[in-house]
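>>> Only the shape, not the letters, is given here:
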């Protein structure tokens, strides 16, 4: 009896522990699942917060062509889009095209002289009727040979001249456009040279190797795809000597950009102040002086100062400087 009762108690106890362990295991499993869900939610919340309030910086481009392209594209005003014109190569290409056209022209002139001496009615018709010329030049025998080899060669020459002279004129127009383009600002060239050569490093190395190392060496062979609209001497002077006082943006640790709009507003304010000073200052000084000789001297001095200011600080042409100076002098005299 005792053994039976004892065995029954032990068996009941083990069954109780088994149920208890199962409940604990189930609780731990549920707890782990809840923790995993909480972790996933927190990660998603963090990602959402990062997307809303913080943007990761763009990855650094590869050294070489990708980095140079990124540098040119990162300029908000696009004034650093400086490239070589290759003036020497362009001139040589134009000379080649010109020489090739000269040879084609000479060949056509020789054939015209031969046709002048010809008594053939077909030859004469080819010089007055395009349809006849085309039919004789494009006619073919069953074996594929031209019916009139002479006219076929002349048509081939005419089409070659047409193609070559079009290429020549396009090259002339493009080269003329580049030559008439405004050069990049000296400060922009200087800044791009320093960045391109990595002069801020203890051991400078250019961004590009080979013949491209000297891409910014000759300032007279450079063209900027975009130049500030109001690039006058006053703007260059302010930018060269007082550029550090302007707010600037930076795309890397060694370069800063001064926005064109900020510089334009500053130049407009300075120009207005200078104009007001030259006008009201001269009127006030002439009003206070009563000696005739002193009046003439001051009138000449103010006029010269105005002409020098307009000629040095602006990009005005000579006729515009003369007109503005005459109007200024007339105002002072009156």
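On my side now, so go ahead. Because the structure is predicted, anything quoted here is derived from the model rather than measured. Numbers count the residues shown, from 1 in each chain.
>>> What residues does the residue nearest the centre of the chain make contact with?
Centroid-nearest residue in the chain, with Cα atoms, centre = their mean: residue 81, separated by 3.1 Å. By Cβ atoms under 8 Å, 6 or more residues apart in numbering, the contact list for residue 81 reads 72, 75, 224-226. C-beta coordinates here come from the backbone N, C-alpha and C atoms, glycine included.
>>> Skipping its backbone neighbours, what lies nearest residue 123 in space?
residue 115 (5.3 Å; Cβ to Cβ, 6 or more residues apart in numbering).
>>> quick check, residue 223 in a strand?
Yes: looking at residue 223 with DSSP: H, G, I helix; E, B strand; the rest coil, it is inside a strand.
>>> Please work out how many residues are found near it.
19 (other Cβ atoms under 10 Å).
>>> that older thread, which of the contacts of residue 81 tops the neighbour count?
residue 224 (20 neighbours).
>>> Which of the three states applies to the nearest residue to that residue once chain neighbours are set aside?
Using Cβ to Cβ, 6+ apart and skipping the chain neighbours, the partner closest in space to residue 224 is residue 184 (3.7 Å). Following three-state DSSP, residue 184 is assigned to coil.
>>> Low-confidence stretches in the stretch 151-300 of the chain?
Flagging of the stretch 151-300 of the chain using pLDDT under 70 yields the residue ranges 199-200, 229-231, 243-260.
>>> so where do the helices sit in it?
Assignment of helices within the stretch 151-300 of the chain using DSSP state H, counting those that start in this stretch yields the ranges 186-197, 233-242, 260-288, 292-313.
>>> buried sites along the first one?
When neighbours are counted by 16 or more other Cβ atoms under 10 Å, the buried residues of helix 186-197 are found to be 188-189, 191-192, 195-196.
>>> Show me what it packs onto, helices and strands only.
strand 82-84, helix 233-242 (3 or more Cβ pairs under 8 Å, 6 or more residues apart in numbering; DSSP states H and E).
>>> The same query, at a cut-off of 10 Å, please.
The contact analysis (3 or more Cβ pairs under 10 Å, 6 or more residues apart in numbering; DSSP states H and E) places helix 186-197 against helix 65-74, strand 82-84, strand 222-224, helix 233-242, strand 255-258.
>>> okay, those in JSON lines with distance to residue 97 next?
Shown next, in JSON lines, are these (distance: least, Cβ to Cβ, whole Å):
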{"stretch": "helix 65-74", "distance to residue 97": "30"}
{"stretch": "strand 82-84", "distance to residue 97": "20"}
{"stretch": "strand 222-224", "distance to residue 97": "21"}
{"stretch": "helix 233-242", "distance to residue 97": "37"}
{"stretch": "strand 255-258", "distance to residue 97": "40"}
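>>> Quick one: closest of those to residue 165.
Closest approach to residue 165 among these is made by strand 222-224 (25.8 Å; Cβ to Cβ).
>>> Given that closest one, what are its sheet partners and their directions?
strand 82-84 (antiparallel) (DSSP bridges).
>>> got CSV for the helices of the stretch 151-300 of the chain, with distance to residue 150 too?
Formatted as CSV, these follow (distance: least, Cβ to Cβ, whole Å):
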stretch, distance to residue 150
helix 186-197, 58
helix 233-242, 64
helix 260-288, 63
helix 292-313, 65
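>>> okay, these, which one's buried deepest?
Between the helices of the stretch 151-300 of the chain, helix 186-197 has the highest mean count of neighbours, a mean of 17, where neighbours are mean count of other Cβ atoms under 10 Å.
>>> how far is that one from where the chain is centred?
15 Å (Cα atoms, centre = their mean, to the nearest Å).
>>> what sits against the closest residue to residue 216 other than its chain neighbours?
Excluding the flanking residues, the one nearest residue 216 by Cβ to Cβ, 6+ apart is residue 193, at 5.1 Å. The contact partners of residue 193, taken as Cβ atoms under 10 Å, 6 or more residues apart in numbering, are 82, 199, 215-217, 219.
>>> Neighbours of the residue nearest to residue 224, how many?
24.
>>> That one touches residue 226, doesn't it?
Yes: assessed by Cβ atoms under 10 Å, residue 184 is found in contact with residue 226 at 9.2 Å.
>>> what's the overlap in contacts for these two?
79-82.
>>> which one of those is nearest residue 269?
Of the shared contacts of residue 184 and residue 226, the one sitting nearest to residue 269 (Cβ to Cβ) turns out to be residue 79, at 21.4 Å.
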